[in-house]
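Asks: Have a look; sequence and predicted model below, questions after that.
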Amino acid sequence: MQKLNRRSFLTVTAAAAIGTGTIPSIMAAPAQKQLVHHVFFWLKNPGSTADRDKLVEGIKTLAKIETIRKLHVGVLASTEKRDVVDTSWDVSELMFFDDTAGQKVYQDHPIHQEFIKNYSHLWSKVVVYDAMEA
């Protein structure tokens with residue numbers, strides 16, 4: 001049996017993978033650019049841990065919406081205070097969607113509408129940033 005050096009091994013392995021179709025199809029197609037939906041909430045009672053926790057609980061219910069690919073719920077971090085850092089908000093949600101159609105499904109979804117109905121009394125201001133991956 002012939003001894004293979006590293007380069008020969010990799011060449012043979014790659015050729016075998018191509019021949020058997022085991023290279024994931026994602027490598028052949030360009031990655032789809034996702035839509036990011038970032039929402040910041042200001043509480044009516046900014047010092048209320050109970051209100052903050054209730055809003056966090058409500059946001060987490062949105063994860064059941066099928067077009068949300070990832071949901072991150074955040075509260076203000078205790079990081080270094082700098083002029084460029086906005087620390088005026090209380091709770092944030094960061095969501096990833098495959099496309100604008102998925103984000104539209106989320107906006108109209110009964111779970112989202114129920115969230116607004118049940119939790120909007122907790123916030124005084126909401127700011128939304130939507131961005132497509134560059």
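Replies: Structure received.
Asks: The closest residue to His38 other than its chain neighbours: which element?
Replies: Counting by CB to CB, 6 or more residues apart in numbering, Tyr129 is the residue found nearest to His38 once chain neighbours are left out, at 4.5 Å. In short, each C-beta sits where N, CA and C put it, glycine included. In this structure, Tyr129 sits in strand 123-132 according to DSSP states H and E.
Asks: Against which helices or strands is that strand packed?
Replies: strand 35-43 (3 or more CB pairs under 8 Å, 6 or more residues apart in numbering; DSSP states H and E).
Asks: okay, stretch 107-121 in PDB with CA atoms only?
Replies: Taking C-alpha atoms only, stretch 107-121 is exported to PDB below (Å, rounded to 0.1, in the frame of the first residue of the first chain):
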ATOM      1  CA  GLN A 107     -45.400  41.400  11.800                       C
ATOM      2  CA  ASP A 108     -48.800  40.100  11.000                       C
ATOM      3  CA  HIS A 109     -48.600  36.900  13.100                       C
ATOM      4  CA  PRO A 110     -51.300  36.400  15.800                       C
ATOM      5  CA  ILE A 111     -48.600  35.700  18.400                       C
ATOM      6  CA  HIS A 112     -47.000  39.100  17.600                       C
ATOM      7  CA  GLN A 113     -50.300  40.900  17.700                       C
ATOM      8  CA  GLU A 114     -51.100  39.200  21.000                       C
ATOM      9  CA  PHE A 115     -47.700  40.300  22.400                       C
ATOM     10  CA  ILE A 116     -48.500  44.000  21.400                       C
ATOM     11  CA  LYS A 117     -52.000  43.700  23.000                       C
ATOM     12  CA  ASN A 118     -50.700  42.100  26.300                       C
ATOM     13  CA  TYR A 119     -47.400  44.000  26.800                       C
ATOM     14  CA  SER A 120     -47.600  47.400  25.200                       C
ATOM     15  CA  HIS A 121     -48.800  48.900  28.500                       C
END
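Asks: Before I go, just wanted to say thanks for your time.
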